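Engineer: following is a predicted model, sequence given first.
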Amino acid sequence: MSSKYLLREYYELCAGGVCQDLLTEEEKRQVKEGTVFLSGVMQRCDEQNGNGRVYPGPILEREVKNYMKVVKENRACGELDHPEDSVVNLKNASHMVTSLWWEGKDLMGKVKCLKTPSGRILEALVNDGVSLGISSRGLGSVKEHQGQTLVEDDFQLICFDIVSEPSTQGAYMMMNESKQKQVWSKADRINRLLNDIIGDK
């Protein structure tokens with residue numbers, strides 16, 4: 001029997017020019033009042049990511065469909081960085097996913113920064129030009145198949161966290177505002193490897 005692990009995948013938001021102005025009229029009003037929205041690629045199916053794992057389309061689509069219920073109920077919160085936990089701690093919530101949709105194999109999404117202490121930190125990082133990424137957090141097991149590490153059917157999507165290190169090439173962050181300020185940089189793989197080593201101890 002396979003063991004379930006905490007599976008974490010890193011993405012930056014929005015590959016060069018993919019994102020457009022995705023804000024509703026209500027969100028544009030919120031932006032004028034100081035709210036920060038981010039949008040872009042949240043996850044990807046049927047393709048090996050920087051962590052060496054592949055999420056089969058049917059499994060990821062099922063979990064996204066389940067997660068959409070949480071999004072519609074305004075409960076899809078996430079944290080800054082990845083805690084070593086399978087529970088979202090609301091006291092550390094920094095943002096809320098407001099919408100998700102598919103564009104081919106890419107799961108696209110929109111994130112609203114919250115007016116919480118962690119949310120204020122997130123806003124400051126974005127406004128100061130710090131490159132950030134989105135990262136899914138979930139529980140599941142994996143198996144090796146034809147040289148690939150496949151996520152198995154027991155995968156359960158928990159949330160999306162904001163992180164400093166993405167693992168998918170060609171995906172970058174965009175802050176949604178009237179002038180569409182873009183924030184992007186290349187992934188620092190060395191830092192990610194060091195963080196992975198330290199986190200395993």
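Structural biologist: It's in. Numbers count the residues shown, from 1 in each chain.
Engineer: please enumerate the helices of this protein.
Structural biologist: Taking DSSP state H, the helices of the chain run over residues 25-32, 57-72, 117-127, 189-199.
Engineer: relative to Phe155, which of those is closest?
Structural biologist: helix 57-72 (5.5 Å; Cβ to Cβ). Backbone N, C-alpha and C define where each C-beta goes, glycine included.
Engineer: can you list the weak-confidence ranges in this structure?
Structural biologist: Scanning the chain for pLDDT under 70 picks out 1-3, 8-22, 165-201.
Engineer: check the gap between the spatially most central residue of it and Pro58 for me.
Structural biologist: In the chain, the centroid-proximal residue (Cα atoms, centre = their mean) is Ile134; its distance is 2.8 Å. Taking Cβ to Cβ, to the nearest Å as the measure, Ile134 falls 22 Å from Pro58.
Engineer: which strand residues bridge the residue nearest to the centre of the chain?
Structural biologist: Applying DSSP bridges to Ile134 yields these beta-bridge partners: Tyr11, Ile162.
Engineer: go through the chain and flag its longest strand.
Structural biologist: Longest strand of the chain, by residue count under DSSP state E: strand 93-103.
Engineer: hmm, who's touching that one?
Structural biologist: 22, 27, 37-38, 42, 61, 64, 67-68, 71, 74, 76-80, 107-114, 116, 118-119, 121-122, 160, 162 (Cβ atoms under 8 Å, 6 or more residues apart in numbering).
Engineer: show the buried residues in those.
Structural biologist: 22, 27, 37-38, 42, 64, 67, 71, 76-80, 107-114, 116, 118-119, 122, 160, 162 (16 or more other Cβ atoms under 10 Å).
Engineer: which of the residues you listed fall within strands?
Structural biologist: Per DSSP E, the buried ones among the contacts of strand 93-103 map to strands at 37-38, 42, 77-79, 107-113, 160, 162.
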